[in-house]
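Peer 1: can you look at this prediction? I've put the sequence above it.
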Amino acid sequence: MLRGEAFIQSLRARIRALSFQVSHKRVISNFTRNRKLPFEVVFMMILKLVKRTLGIECELLEDDPFRVPPSKQAFSKARYNIKHTGFQELLELSLQKAYEQDPDYGRWKGYRLIGVDGSTLQLPLSDDIVEHFGRFKPNGTMGETTPMARVSLCVDLCTSLICSARLGRWDVGERAMASEQLTELTEKMKELGQNKLLFIYDRGYSSFDFMKQHADQGADFLFRLQRGFSKKTWERVDAGETDFEIDIQNKDKTEQLRVRVVAFPLKTGQIEVLMTTVRDKSLFQLSDLEKAYHLRWHIEECYKRLKVPVELENF
(Lines give C-alpha, C1' and ligand atoms only; values in the text may rest on other atoms or scores of the structure.)
Protein backbone atom coordinates (compact mmCIF):
# COMPACT_ATOMS: atom_id res chain seq x y z
CA MET A 1 0.00 0.00 0.00
CA LEU A 2 1.29 3.45 -0.86
CA ARG A 3 2.40 5.69 2.00
CA GLY A 4 -0.31 8.29 1.26
CA GLU A 5 -3.13 5.73 1.12
CA ALA A 6 -2.09 4.18 4.43
CA PHE A 7 -1.95 7.63 5.99
CA ILE A 8 -5.47 8.55 4.82
CA GLN A 9 -6.85 5.26 6.13
CA SER A 10 -5.26 5.85 9.53
CA LEU A 11 -6.84 9.33 9.68
CA ARG A 12 -10.28 7.96 8.86
CA ALA A 13 -9.94 5.21 11.46
CA ARG A 14 -8.98 7.77 14.11
CA ILE A 15 -11.94 10.05 13.29
CA ARG A 16 -14.38 7.12 13.47
CA ALA A 17 -13.06 5.96 16.84
CA LEU A 18 -15.52 6.61 19.68
CA SER A 19 -12.70 7.72 22.00
CA PHE A 20 -11.65 10.40 19.50
CA GLN A 21 -15.20 11.71 19.16
CA VAL A 22 -15.77 11.81 22.92
CA SER A 23 -12.49 13.67 23.47
CA HIS A 24 -13.14 16.37 20.88
CA LYS A 25 -16.78 17.34 21.22
CA ARG A 26 -17.62 20.29 23.42
CA VAL A 27 -20.33 18.63 25.51
CA ILE A 28 -20.60 14.92 26.26
CA SER A 29 -24.23 14.89 25.15
CA ASN A 30 -23.44 16.29 21.67
CA PHE A 31 -23.84 13.88 18.71
CA THR A 32 -25.45 11.15 20.82
CA ARG A 33 -28.74 10.97 18.90
CA ASN A 34 -29.11 9.37 15.49
CA ARG A 35 -29.17 12.56 13.42
CA LYS A 36 -28.37 13.48 9.81
CA LEU A 37 -25.16 15.18 10.92
CA PRO A 38 -23.18 12.78 13.13
CA PHE A 39 -19.73 13.74 14.44
CA GLU A 40 -17.85 11.93 11.68
CA VAL A 41 -19.78 13.63 8.86
CA VAL A 42 -19.40 17.13 10.32
CA PHE A 43 -15.70 16.63 11.11
CA MET A 44 -14.93 15.28 7.63
CA MET A 45 -16.81 18.14 5.99
CA ILE A 46 -14.75 20.70 7.92
CA LEU A 47 -11.59 18.81 7.05
CA LYS A 48 -12.46 18.90 3.34
CA LEU A 49 -12.44 22.73 3.39
CA VAL A 50 -15.40 22.81 1.03
CA LYS A 51 -15.38 25.47 -1.70
CA ARG A 52 -19.04 25.41 -2.71
CA THR A 53 -21.81 27.02 -0.70
CA LEU A 54 -22.94 25.25 2.45
CA GLY A 55 -26.38 24.80 0.93
CA ILE A 56 -24.98 22.80 -1.99
CA GLU A 57 -22.65 20.76 0.23
CA CYS A 58 -25.51 19.85 2.56
CA GLU A 59 -27.66 18.79 -0.42
CA LEU A 60 -24.89 16.40 -1.48
CA LEU A 61 -24.82 14.76 1.95
CA GLU A 62 -28.19 13.11 1.28
CA ASP A 63 -28.09 10.31 -1.29
CA ASP A 64 -31.82 9.58 -1.13
CA PRO A 65 -33.70 12.12 -3.32
CA PHE A 66 -36.91 11.47 -1.36
CA ARG A 67 -35.44 12.55 1.96
CA VAL A 68 -34.84 16.11 3.09
CA PRO A 69 -31.11 16.86 3.36
CA PRO A 70 -29.66 18.64 6.40
CA SER A 71 -29.86 22.41 6.24
CA LYS A 72 -26.85 24.71 6.21
CA GLN A 73 -28.11 26.21 9.48
CA ALA A 74 -28.06 22.74 11.06
CA PHE A 75 -24.50 22.18 9.85
CA SER A 76 -23.33 25.58 11.13
CA LYS A 77 -24.78 24.75 14.54
CA ALA A 78 -23.27 21.26 14.57
CA ARG A 79 -19.75 22.35 13.71
CA TYR A 80 -19.57 24.57 16.79
CA ASN A 81 -19.96 21.42 18.89
CA ILE A 82 -16.54 20.20 17.76
CA LYS A 83 -13.36 21.39 19.47
CA HIS A 84 -10.23 22.41 17.59
CA THR A 85 -8.21 19.84 19.52
CA GLY A 86 -9.32 17.09 17.14
CA PHE A 87 -7.44 18.70 14.28
CA GLN A 88 -4.38 19.11 16.45
CA GLU A 89 -4.48 15.39 17.22
CA LEU A 90 -4.56 14.60 13.50
CA LEU A 91 -1.47 16.76 12.99
CA GLU A 92 0.31 14.76 15.71
CA LEU A 93 -0.80 11.53 14.03
CA SER A 94 0.57 12.65 10.66
CA LEU A 95 4.02 13.22 12.19
CA GLN A 96 3.94 9.86 13.96
CA LYS A 97 3.07 8.04 10.74
CA ALA A 98 5.77 9.89 8.80
CA TYR A 99 8.66 9.52 11.25
CA GLU A 100 8.08 6.52 13.49
CA GLN A 101 7.55 4.06 10.62
CA ASP A 102 10.54 5.40 8.67
CA PRO A 103 12.83 7.54 10.87
CA ASP A 104 15.19 8.34 7.97
CA TYR A 105 12.42 9.47 5.63
CA GLY A 106 13.25 12.92 4.23
CA ARG A 107 16.47 13.53 6.13
CA TRP A 108 19.23 15.73 4.68
CA LYS A 109 22.78 14.69 5.61
CA GLY A 110 21.34 13.07 8.73
CA TYR A 111 19.41 16.21 9.72
CA ARG A 112 15.72 16.99 9.79
CA LEU A 113 15.52 20.41 8.12
CA ILE A 114 12.80 22.59 9.67
CA GLY A 115 11.97 25.85 7.92
CA VAL A 116 10.24 28.51 10.00
CA ASP A 117 8.41 31.52 8.62
CA GLY A 118 5.42 33.70 9.33
CA SER A 119 2.59 35.24 7.36
CA THR A 120 -0.71 37.03 7.92
CA LEU A 121 -4.26 35.77 7.62
CA GLN A 122 -7.37 37.84 7.00
CA LEU A 123 -10.17 36.88 9.38
CA PRO A 124 -13.95 37.26 9.24
CA LEU A 125 -15.38 40.43 10.77
CA SER A 126 -17.28 39.58 13.95
CA ASP A 127 -17.40 40.97 17.47
CA ASP A 128 -15.80 37.87 19.02
CA ILE A 129 -12.92 37.83 16.54
CA VAL A 130 -12.30 41.57 16.91
CA GLU A 131 -12.26 41.17 20.70
CA HIS A 132 -9.69 38.38 20.53
CA PHE A 133 -7.47 39.46 17.60
CA GLY A 134 -8.04 43.22 17.56
CA ARG A 135 -8.07 45.60 14.58
CA PHE A 136 -5.10 47.68 13.57
CA LYS A 137 -4.96 50.79 11.43
CA PRO A 138 -2.89 50.24 8.30
CA ASN A 139 0.00 52.62 7.76
CA GLY A 140 -0.92 55.78 5.92
CA THR A 141 -4.70 55.50 6.21
CA MET A 142 -7.38 56.77 8.59
CA GLY A 143 -9.55 53.64 8.51
CA GLU A 144 -9.27 50.19 10.00
CA THR A 145 -8.68 46.90 8.21
CA THR A 146 -10.61 43.71 8.74
CA PRO A 147 -9.21 41.60 11.60
CA MET A 148 -5.83 40.07 10.82
CA ALA A 149 -3.96 37.22 12.47
CA ARG A 150 -0.30 36.28 12.52
CA VAL A 151 0.51 32.74 11.33
CA SER A 152 3.73 30.89 12.08
CA LEU A 153 4.58 27.55 10.48
CA CYS A 154 7.39 25.08 11.05
CA VAL A 155 7.70 22.91 7.93
CA ASP A 156 9.84 19.86 7.23
CA LEU A 157 11.59 21.16 4.12
CA CYS A 158 12.31 17.69 2.66
CA THR A 159 8.78 16.28 3.06
CA SER A 160 6.64 19.49 3.11
CA LEU A 161 4.93 18.24 6.30
CA ILE A 162 3.72 20.97 8.65
CA CYS A 163 5.28 20.09 12.01
CA SER A 164 3.90 22.97 14.06
CA ALA A 165 1.47 25.83 13.47
CA ARG A 166 0.46 28.90 15.47
CA LEU A 167 -2.28 31.47 14.98
CA GLY A 168 -1.98 34.64 17.03
CA ARG A 169 -2.69 38.36 17.12
CA TRP A 170 -1.27 40.42 14.29
CA ASP A 171 0.79 42.53 16.71
CA VAL A 172 2.68 39.48 18.04
CA GLY A 173 6.11 39.22 16.43
CA GLU A 174 7.15 36.29 14.26
CA ARG A 175 10.20 35.59 16.42
CA ALA A 176 8.09 35.48 19.59
CA MET A 177 5.76 32.91 18.02
CA ALA A 178 8.69 30.87 16.69
CA SER A 179 10.29 30.90 20.13
CA GLU A 180 7.17 29.30 21.64
CA GLN A 181 7.10 26.68 18.91
CA LEU A 182 10.80 25.84 19.21
CA THR A 183 10.64 24.30 22.69
CA GLU A 184 7.46 22.38 21.96
CA LEU A 185 8.64 21.10 18.58
CA THR A 186 12.11 19.98 19.64
CA GLU A 187 10.61 17.91 22.46
CA LYS A 188 8.00 16.44 20.11
CA MET A 189 10.54 15.53 17.43
CA LYS A 190 12.90 13.90 19.89
CA GLU A 191 10.04 11.72 21.13
CA LEU A 192 9.69 10.59 17.50
CA GLY A 193 13.38 9.72 17.25
CA GLN A 194 14.34 12.90 15.37
CA ASN A 195 17.31 14.08 17.42
CA LYS A 196 19.27 15.98 14.78
CA LEU A 197 17.31 19.11 13.93
CA LEU A 198 18.45 22.05 11.83
CA PHE A 199 16.11 25.05 12.00
CA ILE A 200 16.36 27.47 9.07
CA TYR A 201 15.27 31.12 9.24
CA ASP A 202 15.12 34.12 6.94
CA ARG A 203 16.16 37.65 7.90
CA GLY A 204 14.34 39.19 10.85
CA TYR A 205 14.63 36.21 13.19
CA SER A 206 18.25 36.53 14.28
CA SER A 207 18.93 37.46 17.91
CA PHE A 208 21.43 36.14 20.41
CA ASP A 209 18.75 35.03 22.88
CA PHE A 210 16.87 33.10 20.20
CA MET A 211 20.09 31.44 19.01
CA LYS A 212 20.97 30.56 22.60
CA GLN A 213 17.53 28.99 22.99
CA HIS A 214 18.37 26.60 20.15
CA ALA A 215 21.64 25.64 21.83
CA ASP A 216 19.82 25.01 25.12
CA GLN A 217 17.31 22.79 23.29
CA GLY A 218 20.07 20.81 21.59
CA ALA A 219 19.04 21.97 18.11
CA ASP A 220 21.19 23.47 15.36
CA PHE A 221 20.23 26.60 13.44
CA LEU A 222 20.88 28.40 10.17
CA PHE A 223 19.95 32.09 10.11
CA ARG A 224 20.19 34.50 7.23
CA LEU A 225 21.62 37.66 8.76
CA GLN A 226 20.41 41.17 8.22
CA ARG A 227 23.00 43.91 8.22
CA GLY A 228 23.29 45.37 11.67
CA PHE A 229 23.32 42.06 13.53
CA SER A 230 26.80 41.35 14.92
CA LYS A 231 28.96 44.24 13.70
CA LYS A 232 32.16 42.17 13.92
CA THR A 233 30.65 39.53 11.64
CA TRP A 234 29.82 42.04 8.93
CA GLU A 235 33.26 43.66 9.18
CA ARG A 236 34.86 40.32 8.34
CA VAL A 237 32.37 39.67 5.52
CA ASP A 238 33.04 43.14 4.07
CA ALA A 239 36.76 42.35 4.25
CA GLY A 240 36.17 39.42 1.88
CA GLU A 241 35.97 36.39 4.23
CA THR A 242 33.47 33.79 3.06
CA ASP A 243 33.68 30.93 5.61
CA PHE A 244 34.86 31.54 9.17
CA GLU A 245 34.01 30.98 12.84
CA ILE A 246 33.31 33.70 15.36
CA ASP A 247 32.11 34.12 18.95
CA ILE A 248 28.92 36.15 19.39
CA GLN A 249 27.81 37.54 22.74
CA ASN A 250 24.67 38.84 24.41
CA LYS A 251 24.35 42.53 25.24
CA ASP A 252 25.69 42.06 28.78
CA LYS A 253 28.62 40.00 27.46
CA THR A 254 27.86 37.34 30.05
CA GLU A 255 27.17 34.57 27.51
CA GLN A 256 28.62 33.66 24.15
CA LEU A 257 28.17 31.18 21.31
CA ARG A 258 30.69 29.84 18.85
CA VAL A 259 29.13 29.96 15.37
CA ARG A 260 30.11 29.57 11.75
CA VAL A 261 29.49 32.26 9.15
CA VAL A 262 29.32 31.68 5.39
CA ALA A 263 28.85 34.31 2.69
CA PHE A 264 28.17 33.96 -1.02
CA PRO A 265 27.07 36.30 -3.82
CA LEU A 266 23.54 36.32 -5.22
CA LYS A 267 22.61 36.95 -8.86
CA THR A 268 21.53 40.44 -7.81
CA GLY A 269 25.07 41.23 -6.76
CA GLN A 270 24.20 41.26 -3.05
CA ILE A 271 26.05 39.12 -0.54
CA GLU A 272 23.98 36.56 1.36
CA VAL A 273 25.31 35.88 4.85
CA LEU A 274 24.33 32.81 6.90
CA MET A 275 25.13 32.06 10.54
CA THR A 276 24.96 28.49 11.82
CA THR A 277 26.01 26.06 14.52
CA VAL A 278 26.84 23.44 11.85
CA ARG A 279 30.60 23.86 11.95
CA ASP A 280 31.99 20.62 10.46
CA LYS A 281 33.50 21.88 7.19
CA SER A 282 34.45 18.40 6.02
CA LEU A 283 30.81 17.30 6.07
CA PHE A 284 29.11 20.65 5.36
CA GLN A 285 30.86 22.76 2.78
CA LEU A 286 29.80 26.31 2.02
CA SER A 287 27.81 25.10 -1.00
CA ASP A 288 25.94 22.58 1.19
CA LEU A 289 24.77 25.30 3.57
CA GLU A 290 23.77 27.45 0.60
CA LYS A 291 21.62 24.61 -0.75
CA ALA A 292 20.09 23.95 2.68
CA TYR A 293 19.05 27.58 3.03
CA HIS A 294 17.55 27.69 -0.45
CA LEU A 295 15.32 24.74 0.48
CA ARG A 296 13.35 27.37 2.41
CA TRP A 297 11.26 27.94 -0.70
CA HIS A 298 9.25 24.86 0.37
CA ILE A 299 7.66 26.87 3.18
CA GLU A 300 6.73 29.63 0.73
CA GLU A 301 5.05 26.98 -1.41
CA CYS A 302 3.26 25.70 1.69
CA TYR A 303 1.75 29.14 2.35
CA LYS A 304 0.84 29.38 -1.34
CA ARG A 305 -1.08 26.07 -1.15
CA LEU A 306 -2.91 27.18 1.99
CA LYS A 307 -3.94 30.55 0.62
CA VAL A 308 -4.63 29.76 -3.07
CA PRO A 309 -5.94 26.22 -3.74
CA VAL A 310 -7.03 25.56 -0.14
CA GLU A 311 -8.44 29.10 0.18
CA LEU A 312 -7.69 29.28 3.88
CA GLU A 313 -9.06 32.82 4.10
CA ASN A 314 -12.36 31.88 2.39
CA PHE A 315 -14.44 31.44 5.53
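Peer 2: Structure received. Numbering: from 1, shown residues only.
Peer 1: show me where the stretch 151-300 of the chain has its helices.
Peer 2: 174-191, 208-217, 231-238, 286-294, 297-307 (DSSP state H, counting those that start in this stretch).
Peer 1: show me what counts as buried in the shortest one.
Peer 2: It refers to helix 231-238. 233, 234, 236, 237 (16 or more other CB atoms under 10 Å). To be clear about C-beta, it is placed using only N, CA and C from the backbone, and glycine gets the same treatment.
Peer 1: starting at the chain centroid, how far to that helix?
Peer 2: 32 Å (CA atoms, centre = their mean, to the nearest Å).
Peer 1: just checking, what packs against that helix?
Peer 2: Here helix 231-238 touches strand 243-249, strand 256-265, strand 271-276, going by 3 or more CB pairs under 8 Å, 6 or more residues apart in numbering; DSSP states H and E.
Peer 1: average pLDDT for stretch 221-232?
Peer 2: For stretch 221-232, mean pLDDT rounds to 93.
Peer 1: sorry, slip of the keys, the one I care about is stretch 279-297.
Peer 2: Here the average pLDDT along stretch 279-297 is 92.
Peer 1: what's the weakest-modelled helix or strand in this protein?
Peer 2: helix 54-60 (a mean of 79; mean pLDDT, DSSP states H and E).
Peer 1: neighbouring contacts of the helix or strand following it?
Peer 2: Using DSSP states H and E, the helix or strand that follows helix 54-60 towards the C-terminus is helix 72-79. If you take CB atoms under 8 Å, 6 or more residues apart in numbering as the criterion, helix 72-79 is touched by 31, 36, 37, 42, 45, 46, 53, 54, 55, 57, 58.
Peer 1: next, the buried residues of helix 72-79.
Peer 2: 74, 75, 78.
Peer 1: Serialize those residues to CSV and add fields for distance to residue 12 and pLDDT.
Peer 2: As requested, these are exported to CSV (distance: CB to CB, whole Å; pLDDT from 0 to 100):
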residue, distance to residue 12, pLDDT
74, 23, 87
75, 20, 87
78, 19, 89
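Peer 1: what bridges to residue 111?
Peer 2: residue 108 (DSSP bridges).
Peer 1: and it, how far is that from residue 117?
Peer 2: Computed as CB to CB, to the nearest Å, the residue 111 to residue 117 distance reads 18 Å.
Peer 1: buried residues, stretch 165-180. List them.
Peer 2: Under 16+ other CB under 10 Å, the buried positions of stretch 165-180 are 165, 166, 168, 170, 174, 175, 177, 178, 179.
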